[in-house]
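> Next comes the sequence, and after it the predicted model I'd like to discuss.
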Amino acid sequence: MSTPFPVQRTVVGVDVEGSTDLNNVQRARIRAAMYDVLEKSLIASGITEERREPLLDRGDGAIVFIQPVDEVPKPVLVNTFIPVLRDELYAQEFRLRVAMHFGDVHNDSRGRFGEDIDLMVRLLDCPELKARLKKSTAPLILGVTERFYRSVVKHGYDGIEAETFLPLPRLRMGGQTYRSWVQVPPQS
């Protein structure tokens with residue numbers, strides 16, 4: 001069996017803080033609210049359904065696969081999507097961890113897969129990112145991979161304050177280590 005050719009995508013994951021402490025009724029309410037604020041924030045940032053694939057459900061979170069960069073430039077995710085999402089979350093009773101990466105996404109009859117998705121998920125679920133959110137009063141925390149940081153953040157494009165990103169301990173995956181960065185988005 002041959003491996004399908006990959007397509008380049010920006011991969012964004014969100015996960016609700018502390019959702020395992022909730023009962024199923026509470027989870028259903030939070031889940032509906034999470035999807036609502038996520039959809040509103042994507043659309044307000046110009047990331048409409050034509051520019052992304054259907055959201056991939058993770059129970060207490062979701063993964064967004066955004067079309068190639070010529071349709072949605074990666075800086076828009078940091079300087080528009082994250083502030084909109086942060087502002088939407090102020091009225092909610094939950095907080096989010098958000099992780100961003102970009103790279104190759106494979107697809108077969110069972111769905112999407114690949115190393116670049118795995119790396120984003122490892123970042124989203126890493127204990128250090130969870131701990132930083134727990135110490136914060138912010139409605140969300142943003143983690144980005146080294147590739148995303150070097151391609152987008154460090155250049156300080158309009159609306160991106162590179163100095164607000166701090167290094168995280170390295171992620172381990174497949175016998176390799178990967179650097180990542182964290183930001184508690186500034187209040188508007």
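Here it is on my side, so go on.
> my guess is A138 meets V184, correct?
Yes: taking C-beta atoms under 8 Å as the definition, A138 is a contact partner of V184 at 4.8 Å. Where C-beta positions appear, they are placed from N, C-alpha and C, glycine not excepted.
> hey, where'd the strands end up in the chain?
Secondary structure of the chain by DSSP state E: the strands cover 7-16, 56-57, 61-66, 96-108, 111-113, 140-145, 166-173, 176-183.
> In the longest helix seen in the chain, which residues are buried?
In the chain, taking DSSP state H as the definition, the longest helix is helix 24-44. For helix 24-44, burial by neighbour count (16 or more other C-beta atoms under 10 Å) applies to R27, I30, R31, A33, M34, V37, L38, S41, L42.
> Can you tell me how far the last one is from R172?
Computed with C-beta to C-beta, to the nearest Å, the distance linking L42 and R172 is 31 Å.
> Please apply the same query to the second one.
When C-beta to C-beta is the yardstick, I30 and R172 sit 30 Å from each other.
> sorry, back to before: closest to V152 out of the strands of the chain?
V152 lies closest, by C-beta to C-beta, to one member of those: strand 140-145, at 7.5 Å.
> Return the alpha-carbon coordinates of that closest one using CSV.
Extracted in CSV, the C-alpha atoms of strand 140-145 (Å, rounded to 0.1, in the frame of the first residue of the first chain):
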residue,chain,number,x,y,z
LEU,A,140,-6.5,31.1,27.2
ILE,A,141,-2.8,30.2,26.7
LEU,A,142,-1.1,29.7,23.3
GLY,A,143,1.6,27.2,22.5
VAL,A,144,3.5,27.3,19.2
THR,A,145,6.1,24.9,17.8
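> who does the longest helix of the chain touch, helix- and strand-wise?
strand 7-16, strand 61-66, helix 82-89 (3 or more C-beta pairs under 8 Å, 6 or more residues apart in numbering; DSSP states H and E).
> 6 Å - rerun?
Other elements packing on helix 24-44 under the criterion 3 or more C-beta pairs under 6 Å, 6 or more residues apart in numbering; DSSP states H and E are helix 82-89.
> Can you give the distance of the helix it packs on from its chain's centre?
13 Å (C-alpha atoms, centre = their mean, to the nearest Å).
> try stretch 119-134
11 Å.
> ditto for stretch 106-113
Worked out by C-alpha atoms, centre = their mean, stretch 106-113 lies 20 Å from the chain centre.
> Leaving out sequence neighbours, find the closest residue to M120.
H101 (4.0 Å; C-beta to C-beta, 6 or more residues apart in numbering).
> my bad, should have said A99
With C-beta to C-beta, 6+ apart, the residue lying closest to A99 is L124, at 3.8 Å.
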